[in-house]
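When you get a sec, could you give me coordinates for this:
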Amino acid sequence: MISMLASEGINRKPFTKDFLYGRRARRAENVMIRPYKPEDRSAIRRICCDTGFLGNPIETICSDREIFADLFAAPYLDYGADWAWVAEARGRVVGYLLGSVSPYFNYTLLYSGFQTTMKMMTRAATGRYARHPRTRHFIRWLLMNGYREQPRHPDNAAHLHLNLEKSYRGRDLGLRLWQAYEEQLARARIQNCYGAFFSWPQRRPESVYSRLGFSVFDRKLTTIFSPEIPDPVEVVCVHKKLAA
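Prediction:
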């Protein structure tokens, strides 16, 4: 399944490094970056759904939040919770970075995604999505296009998926979450890391992550947001070689 390194909104303003470095917005004070706890699970699932449509709530393309969170967040929490980090503000989780260092994690995503898709199909067959045709379209995309629209990724590399609440973007939290994860990878002597995100003509996050040492590994066109987004959207895989 596709997992996103970072999500942004769909307005037409140019994408800049503000998402990570917070140049236009003030730095987020009193926000703690800490390891994931089991009680953070519901907040992470909520943020995943609140940001799943290019930084906005997922209901535009999928009405079933439970299923969407099962697809894009649950595999990390079920199989890689030791590598998860959260940003906490005033006792509330406002962002997260989910990771995995397993060389078999892509297969874990496929296995988990297949099970969740079958669950979604059962719900569709019972009329669960009768009033939301776009959800049925999303199921068809999962079955027919989801796998083949994924870019290649490096073997034997750690992986990450990152999202922030809208009001906490542009305050350097993405950078701080990445730094915590990178330090954890260094302690474990992990030498490669990759992530994926959506990119289209009005927003090219590649330039942001190049400043963190990532380079584009592969890219592939996706139809997941069609027809809502008329411009061509790509899934871009970026890779970083970590210090030995």
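
For Gly170, report the pLDDT, please.
pLDDT, Gly170: 85.

burial count for it?
Residues contacting Gly170 under the criterion other Cβ atoms under 10 Å number 23. (Glycine included, C-beta is placed from N, CA and C.)

need the contact list for Arg123.
Arg123 is in contact with Asp64, Ile67, Tyr129, counting by Cβ atoms under 8 Å, 6 or more residues apart in numbering.

Please enumerate the strands of the protein.
Here the chain has its strands, by DSSP state E, at 31-35, 85-89, 92-100, 158-164, 192-199, 215-222, 233-241.

and for the last one, what are the contacting residues?
Same thing as strand 233-241. 2, 5, 149-154, 157, 191-200, 205-206, 209, 212-226.

what do you get for the third one?
For strand 92-100, the surrounding residues in contact (Cβ under 8 Å, 6+ apart) are 3, 31, 36, 40, 43-44, 47, 73, 76-77, 79-80, 83-88, 108, 158-165, 167-168, 173-174, 177-178, 180-181, 184.

again, but for the fourth one
For strand 158-164, the external contacting residues (Cβ under 8 Å, 6+ apart) are 3-7, 47-48, 51, 72-73, 76, 83, 87, 94-101, 105, 153, 173-174, 177-178, 181, 185, 190, 192-195.

Neighbours of Tyr147, how many?
14.

Skipping its backbone neighbours, what lies nearest it in space?
Leaving out its chain neighbours, the residue that sits closest to Tyr147 by Cβ to Cβ, 6 or more residues apart in numbering is Leu110, at 7.3 Å.

got it, and Phe198?
Excluding the flanking residues, the one nearest Phe198 by Cβ to Cβ, 6+ apart is Val233, at 5.6 Å.

Name the stretch among the strands of the chain that sits most buried.
When these are scored by mean count of other Cβ atoms under 10 Å, the highest mean neighbour count falls to strand 158-164 (a mean of 26).

what stretches of the chain score poorly on pLDDT?
Low-confidence segments of the chain (pLDDT under 70): 1-29, 244.

biggest helix in it by residues?
Criterion DSSP state H: the longest helix present in the chain is helix 105-125.

List the buried residues for that one?
Buried residues in helix 105-125, defined by neighbour count with 16 or more other Cβ atoms under 10 Å: Phe105, Asn106, Thr108, Leu109, Ser112, Gly113, Thr116, Thr117, Met120, Arg123, Ala124.

beta partners for the nearest residue in space to the first one that is not next to it in sequence?
What it means is Phe105. The shortest distance from Phe105 to any non-neighbouring residue, by Cβ to Cβ, 6+ apart, is to His159 (5.7 Å). With DSSP bridges as the criterion, His159 is bridged to Ser100, Tyr194.
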